[in-house]
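S.K.: 3D model of this:
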Amino acid sequence: MISARMSRAARAVLVLTASIGVAVAATACGTQKISVSRSQPSLYRGAVLFNQRCSGCHTLSYAAAHGSAANVRTAEFNNGPNFNVRCERPVSRVLYAIENGGFSGAIMPQNVVVGQDAVDVAEFVAKYAGRQAPTVPGAPICTAEPIGSISPIASAAAASGAAAGGATGASGPTGPSSKKGAAAAKAQHAKSQRAKAKRKP
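M.R.: Got it, this is the predicted structure:
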């Protein structure tokens, strides 16, 4: 509370200083911006979509997204992986996760983006995820891993799936190692569903 003894000029200066402080603090909040060049339209669009649809649960600084738990002790059930440090390659694996609600299907909604939007997000995540991963002896370096590509057939199927009302379009990962990963993810999902069923009274 401002003292009654304080001069009118001193009160004005105090109020002005406090107002400036509040304005500076308010403008500093949420000022991080998407740091993907607009000269790469599909990657920039993927970053914007990631910020809009995925930033509530995932962290990826290139999309100004901070949804992962900073501390595992304060994590909530919907805090997703921190893609600053988690490598997500190849791009077909990312598209599979988008279409199927991650790899467990427990929290992330399926088809959070569809069609070309899903392809753009998948390519953005595959390119920018894992760039801040710590160096671990013997572990592969994310930026040295191949990004891969989404086949034109899968891309066209994704687009037709979006045109058909949001049904999943692309058929997920392609290639022998990706098919093994998809089968492992499906097996893990089935296992988690059985565990949930056992826990119910």
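
S.K.: what about the helices in this protein?
M.R.: 8-28, 41-53, 91-100, 115-128, 152-163, 176-199 (DSSP state H).

S.K.: Quickly, which of these bottoms out on average pLDDT?
M.R.: Mean pLDDT is lowest for helix 176-199 out of the helices of the chain, coming in at a mean of 53.

S.K.: okay, now Gly46: neighbour count?
M.R.: 29 (other Cβ atoms under 10 Å). C-beta here means a position set from N, CA and C on the backbone, and glycine is covered the same way.

S.K.: Ignore what I typed, I meant Gly115.
M.R.: Using other Cβ under 10 Å: Gly115 sits among 22 other residues.

S.K.: can you check Asn71 too?
M.R.: 6.

S.K.: Check Arg11 too.
M.R.: With other Cβ under 10 Å as criterion, Arg11 counts 13.

S.K.: switch to numbering from 8
M.R.: Sure, I'll start counting at 8 from here, so that last one is Arg18.

S.K.: Any figure for the gap between it and Val126?
M.R.: 59 Å (Cβ to Cβ, to the nearest Å).

S.K.: Arg93 too?
M.R.: In terms of Cβ to Cβ, Arg93 sits 20 Å off from Val126.

S.K.: Could you do Ala136 as well?
M.R.: From Ala136 to Val126 the distance is 16 Å (Cβ to Cβ).

S.K.: And Glu83, by the same measure?
M.R.: 30 Å.

S.K.: These two - which one has more neighbours?
M.R.: Taking other Cβ under 10 Å, Glu83 and Val126 do not tie; Val126 has more neighbours (26 against 8).

S.K.: Please tell me how far that one sits from Ala76.
M.R.: 29 Å.

S.K.: Gly155 now?
M.R.: From Gly155 to Ala76 the distance is 29 Å (Cβ to Cβ).

S.K.: same thing with Ala129?
M.R.: Distance from Ala129 to Ala76, by Cβ to Cβ: 24 Å.

S.K.: what about the two, which has more around it?
M.R.: Ala129 (28 against 15).

S.K.: Settle this for me: that one is touching Glu106, isn't it.
M.R.: No: the pair Ala129 / Glu106 is not scored as a contact, 9.3 Å apart, by Cβ atoms under 8 Å.

S.K.: My read is that Phe110 contacts Ala104, right?
M.R.: Yes: if you go by Cβ under 8 Å, Phe110 and Ala104 touch, sitting 6.0 Å apart.

S.K.: more crowded one of these two?
M.R.: Ala104 (23 against 18).

S.K.: Show the contacting residues for that one.
M.R.: Contacts for Ala104 (Cβ atoms under 8 Å, 6 or more residues apart in numbering) come out as 95, 110, 115.

S.K.: Which one of the residues you listed is nearest to Gly87?
M.R.: Met115 (6.8 Å; Cβ to Cβ).

S.K.: what's the pLDDT at that closest one?
M.R.: pLDDT, read off for Met115, is 91.

S.K.: Run through the residues that contact it.
M.R.: Contacts of Met115 (Cβ under 8 Å, 6+ apart): 64, 87, 104, 108-109.
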